[in-house]
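>>> from the sequence below, what's the structure:
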Amino acid sequence: MILKKYSWTFLGLCFLFLLQFTACRKEQFLTRAGADLRFELDTLSFDTVFTDMGSASRRFKVYNPHNQTLKISRIRLAGGGSSDFSLNIDGQNALDVQDLELAGGDSLYILASARIDPNNGDAIRLDSILFETNGSEQKVYLEAYGWNAIYVGRRGYQTRFVNEQIQLTPDTPYIFLGQLYFDSSSVLTVPGGTEVFMFGGPTSRPGDRATIVIGHNSSIKVNVGGDLNQPAEFKTHRLEEDYQELPFQHGGIYLMAESVNNQIHGCIIRNAVDGIVIDSLAPNHPTVKLELKKSMIYNVDRSCILARFGSLWAENCILANSNQYNFINILGGDYTFRHCNLVNFGTNPFVGRNEAVLSMRDFEVRYDADGNEVPVTADLRARFQNSVIYGNRAEEIELGSLEDFSGGAQWDYAFENCLLKVDTFSTGQFNCLINQEPYFRDLELYAYQIDSSASPLINAGISLNPSVTDDAESKGRDAQPDIGAYEF
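This is a model prediction of the structure:
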């Protein structure tokens with residue numbers, strides 16, 4: 001009996017020891033909130049450009065920066081089995097691994113592979129690896145080049161060109177990523193036939209939208225002397241049919257205050273937030289900041305052209321289908337439109353038609369150090385000759401002034417031999433056609449050529465000085481030209 005008593009006592013002590021040992025093992029895991037992993041990088045990029053079906057692999061380290069062991073609840077590929085990527089997680093070929101222990105101060109490798117078909121899929125293949133630890137989720141992004149193209153820039157970052165002459169060619173498409181900043185006497189030259197796919201898409205992160213910025217003493221030269229028969233194009237990188245009409249996918253072209261001698265001819269810009277932004281008169285004014293000829297800007301979110309105290313010479317151009325304005329200037333400036341179509345019929349299901357086609361303003365509201373509004377005004381000069389300003393709203397022209405046009409900034413504007421869609425607006429008009437049907441070829445296809453001999457645009461223009469001898473497609477104009485960008 002005594003031996004049995006001691007046996008039970010011994011067994012009890014062993015049981016208590018086991019409980020304590022188990023408890024100690026549980027305490028070895030670091031479980032507090034915020035005890036996260038650390039990664040060697042935040043984005044794993046595959047810089048291989050695929051010209052044919054192929055694969056490439058890259059690896060990175062995952063660290064436990066703490067003294068205690070972390071239990072990683074889950075590591076998985078967000079895109080799962082449909083992704084262009086595959087994973088090897090700490091030696092396991094798997095897309096999803098659970099309950100992985102990583103000792104304090106230790107690390108593990110993750111190998112990611114991309115298998116790309118450049119003839120099927122997006123220009124940039126994106127995915128992410130998700131890590132779940134102590135109730136929080138972390139991620140490492142994956143990106144690979146999916147097309148046989150020339151990639152310029154980096155998504156979410158600024159790439160700066162200083163005193164460089166950048167010459168594109170039409171032989172291979174370009175993918176622009178992030179902000180491309182041309183500065184300090186740089187020139188970006190884009191010949192006709194070149195396709196520039198602006199990476200972005202409908203994203204809430206503006207830094208993900210590709211934007212071209214022209215800075216100090218720098219210029220952009222696009223297809224100079226060319227026309228819309230062989231245009232240079234700036235457009236969305238997405239190839240799906242629905243995305244071709246979608247605006248706000250990239251940041252367009254931004255001409256900074258100190259850019260000079262910009263020329264954009266024979267060019268199509270679409271799918272942008274703003275097609276072109278013109279900031280301030282050129283440093284070499286009265287030379288215009290931008291000469292825009294035989295070009296088309298359409299399917300944009302905010303404006304085809306937004307000008308702030310800028311200068312523009314536009315000839316044989318089409319500004320069409322903006323969610324807000326086709327052309328808007330703030331704080332005055334100097335603008336000339338000759339044989340241009342500024343039109344918006346709301347045919348795009350993604351364009352809501354919230355504002356007038358044309359908006360001109362002599363003011364800008366700034367803020368002082370205390371947050372108080374400080375209005376600023378500047379003189380405005382604008383000429384519209386042989387042009388169409390038309391849409392499906394009753395009033396397609398609006399003027400805005402802080403002084404109700406009674407003082408402050410000086411206004412000098414005129415519409416000469418134009419077709420206008422207006423309701424109450426009646427000033428500055430000379431020999432204009434009012435609210436007459438223009439008879440364009442196809443509004444759904446954004447084809448704004450004259451399509452009927454009944455069009456009032458035919459022979460309704462006047463000869464200009466300097467003369468405009470042909471139209472947006474280089475078709476010759478006669479002595480009595482048609483109004484608008486196209487000759488019948």
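>>> what's the closest non-adjacent residue to Gln98?
In space, and not counting its chain neighbours, Gln98 is closest to Arg74: 5.0 Å by C-beta to C-beta, 6 or more residues apart in numbering. Heads up, the C-betas are built off the backbone N, CA and C, glycines and all.
>>> if you could redo that for Arg361, that was the one I meant.
In space, Arg361 is closest to Gly400, 4.0 Å off (C-beta to C-beta, 6+ apart).
>>> what do you get for Tyr151?
Ile175 is the one closest to Tyr151 (C-beta to C-beta, 6+ apart), at 4.8 Å.
>>> verify the stated contact: that neighbour with His237.
Yes: counting by C-beta atoms under 8 Å, Ile175 touches His237, with 6.1 Å between them.
>>> end-to-end on stretch 293-301?
22 Å (C-alpha to C-alpha, to the nearest Å).
>>> check contacts around Leu464.
Arg338, Gln385, Asn386 (C-beta atoms under 8 Å, 6 or more residues apart in numbering).
>>> could you redo the last one with a cut-off of 10 Å?
Residues in contact with Leu464 (C-beta atoms under 10 Å, 6 or more residues apart in numbering) are Glu315, Arg338, His339, Gln385, Asn386, Glu416, Asn417, Arg477, Pro481.
>>> circling back: run a quick neighbour tally on the residue nearest to Tyr151.
Other residues near Ile175 come to 23 when the count uses other C-beta atoms under 10 Å.
>>> give me the sheet partners of the helix or strand hosting Ser55 and which way each runs.
Ser55 belongs to strand 54-63 when assigned by DSSP states H and E. Its sheet considered, strand 54-63 pairs with strand 38-39 (antiparallel), strand 107-116 (antiparallel) by DSSP bridges.
>>> C-alpha coordinates for that strand, PDB please?
Provided in PDB are the C-alpha atoms of strand 54-63 (Å, rounded to 0.1, in the frame of the first residue of the first chain):
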ATOM      1  CA  GLY A  54       9.000  32.300 -70.700                       C
ATOM      2  CA  SER A  55       9.700  32.300 -67.000                       C
ATOM      3  CA  ALA A  56      12.000  34.000 -64.500                       C
ATOM      4  CA  SER A  57      12.500  33.600 -60.800                       C
ATOM      5  CA  ARG A  58      13.500  36.000 -58.000                       C
ATOM      6  CA  ARG A  59      13.800  35.400 -54.300                       C
ATOM      7  CA  PHE A  60      13.700  37.500 -51.100                       C
ATOM      8  CA  LYS A  61      14.100  37.100 -47.400                       C
ATOM      9  CA  VAL A  62      11.500  37.300 -44.600                       C
ATOM     10  CA  TYR A  63      12.900  38.200 -41.200                       C
END
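>>> where's Arg393 relative to Asn386, distance?
Look at Arg393 and Asn386: by C-beta to C-beta, to the nearest Å, they are 22 Å apart.
>>> do Cys267 as well
Distance from Cys267 to Asn386, counting by C-beta to C-beta: 21 Å.
>>> mind listing what the residue nearest to Val468 when sequence neighbours are not counted touches?
Distances taken as C-beta to C-beta, 6+ apart place His339 nearest to Val468, at 5.4 Å, with adjacent residues excluded. By C-beta under 10 Å, 6+ apart, His339 lies in contact with 293-294, 314-317, 385-388, 461, 464, 468, 470-472, 477, 481-487.
>>> so for His339, what's the pLDDT?
pLDDT for His339: 98.
>>> tell me the spacing between it and Arg477.
8 Å.
>>> let me see the contact set for Leu108.
With C-beta under 10 Å, 6+ apart, Leu108 has these contacts: 37, 61-64, 72, 75, 89-91, 100-102.
>>> separate out the buried members of the residues you listed.
Leu37, Val62, Asn64, Ile72, Ile75, Ile89, Asp90, Leu100, Leu102 (16 or more other C-beta atoms under 10 Å).
>>> contact partners for the fourth one?
Put plainly, it is Ile72. Applying C-beta under 10 Å, 6+ apart, we find Ile72 in contact with 37, 62, 64, 89-90, 97-102, 108, 131-134, 138.
>>> list the buried residues of whichever strand or helix holds it.
For Ile72, the host element (DSSP H and E) is strand 70-77. Buried residues in strand 70-77, defined by neighbour count with 16+ other C-beta under 10 Å: Leu70, Ile72, Ile75, Arg76, Leu77.
>>> which non-adjacent residue is nearest the fourth one?
The shortest distance from Arg76 to any residue that is not its chain neighbour, by C-beta to C-beta, 6+ apart, is 4.1 Å, and that residue is Asp96.
>>> hang on, isn't that neighbour packed against Ser86?
No: Asp96 is beyond contact range of Ser86, at 11.7 Å (criterion: C-beta atoms under 10 Å).
>>> more neighbours, those two?
Each of Asp96 and Ser86 has its neighbours counted (other C-beta under 10 Å); Ser86 has more, 17 against 13.
>>> and the more buried one, what are its bridge partners?
Ser113.
>>> didn't it look like it was pressed against Ile116?
No: counting by C-beta under 10 Å, Ser86 sits too far from Ile116 to count as a contact (12.0 Å).
>>> identify the contacts common to those two.
Ser55.
>>> if we can go back for a sec, can I get the contacts of Leu108 in CSV with pLDDT and distance to Leu188?
Shown next, in CSV, are these (pLDDT from 0 to 100; distance: C-beta to C-beta, whole Å):
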residue, pLDDT, distance to Leu188
Leu37, 97, 42
Lys61, 96, 39
Val62, 97, 40
Tyr63, 97, 41
Asn64, 96, 46
Ile72, 96, 46
Ile75, 97, 43
Ile89, 96, 43
Asp90, 93, 46
Gly91, 93, 47
Leu100, 95, 48
Glu101, 95, 53
Leu102, 95, 48
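>>> how about those residues in TSV, adding distance to Asp52?
Formatted as TSV, the contacts of Leu108 follow (distance: C-beta to C-beta, whole Å):
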residue	distance to Asp52
Leu37	36
Lys61	31
Val62	32
Tyr63	37
Asn64	40
Ile72	37
Ile75	31
Ile89	29
Asp90	32
Gly91	30
Leu100	36
Glu101	41
Leu102	38
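>>> closest one of those to Pro375?
Closest approach to Pro375 among these (C-beta to C-beta): Leu37, at 52.0 Å.
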